[in-house]
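Peer 1: Fold the following for me, if possible:
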Amino acid sequence: MIKDKLEKHLKAKLAFPESKNLQQRGIADKIEDACNVIIKENFEDVKDATSRRSIEDVNIGNTYVDHKTSDVALDFKMPNLISIDRLQKLDRDLIYNFVIYDSAKKEIVNVFALNVYELNWQHLKIQNLGVGQLQITSMSEFLKSPKTNLTKEQWLEKLKEEAIIFYDKLLTKTAARKKKWEKLEFVK
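Peer 2: Below you'll find the model as predicted:
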């Protein structure tokens, strides 16, 4: 299984990068690049993402792999995962490779991989970005229980329910905003 092999190799070989004068995004980029190198050394049929807007950072065979890094030395984080529009059209497995690191101690704390359908809905929310963006609401809480006990079918049904709730709220907000503009009178 790709997920297990991915975790095994990254846990054994991934090291905290040289990070002098780097901010969080620079460290994360170096970690993600190192993950790609390790993957290419240990898997066959690896392809880079086709564009900056690709769902994945790398493909292993017919599987998307997207790296998500998180620095435990920083406070509150709410990482974006994927557009719900792209998610409902997903044509193959999508594995999130989570790399948890500590920039203060300069160490990799944990590495684990989950299929998108294994993510715990207790820590997910659809946010108003584009047509709706699946987001982890609090990375620190997510790390306490990242994996769901839902089946893929149950997970997808939950996605549908949450998308409908999201769009109902968006309709209400949009109607209120429209009404405000309809009543607006400019000072002449």
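Peer 1: Which strands and helices lie in contact with the one helix or strand residue 59 maps to?
Peer 2: Using DSSP states H and E, the element containing residue 59 is strand 58-60. Counting contacts by 3 or more C-beta pairs under 8 Å, 6 or more residues apart in numbering; DSSP states H and E, strand 58-60 is packed against helix 24-42, strand 46-48. C-beta: built from backbone N, CA, C; applies to glycine.
Peer 1: What pairs with it, parallel or antiparallel?
Peer 2: strand 46-48 (antiparallel), strand 63-71 (antiparallel) (DSSP bridges).
Peer 1: Throw the ones you listed into JSON lines and include distance to residue 34, thanks.
Peer 2: Supplementary listing: the strands paired with strand 58-60 in JSON lines, determined by distance: least, C-beta to C-beta, whole Å:
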{"stretch": "strand 46-48", "distance to residue 34": "14"}
{"stretch": "strand 63-71", "distance to residue 34": "10"}
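Peer 1: any idea which of the ones you listed is most buried?
Peer 2: Among the strands paired with strand 58-60, strand 63-71 has the highest mean neighbour count (mean count of other C-beta atoms under 10 Å), at a mean of 21.
Peer 1: what comes into contact with that one?
Peer 2: Under the criterion C-beta atoms under 8 Å, 6 or more residues apart in numbering, residues 2, 6, 24, 27-28, 31-32, 35-36, 39, 55-59, 77, 79, 81-82, 92-103, 113, 139, 143 lie in contact with strand 63-71.
Peer 1: Pairing partners for the following helix or strand past it, with directions?
Peer 2: Where DSSP H and E defines the elements, the next helix or strand beyond strand 63-71 is strand 80-83. Here strand 80-83 has these sheet partners by DSSP bridges: strand 133-136 (antiparallel).
Peer 1: Report the mean per-residue pLDDT for the strand it pairs with.
Peer 2: Averaging pLDDT along strand 133-136 gives 94.
Peer 1: Contacts for the next helix or strand along the chain from that strand, please.
Peer 2: Toward the C-terminus, strand 133-136 is succeeded by helix 139-142 as the next helix or strand (DSSP H and E). The contact list for helix 139-142 (C-beta under 8 Å, 6+ apart) reads 70, 72, 76-79, 120, 122-123, 136.
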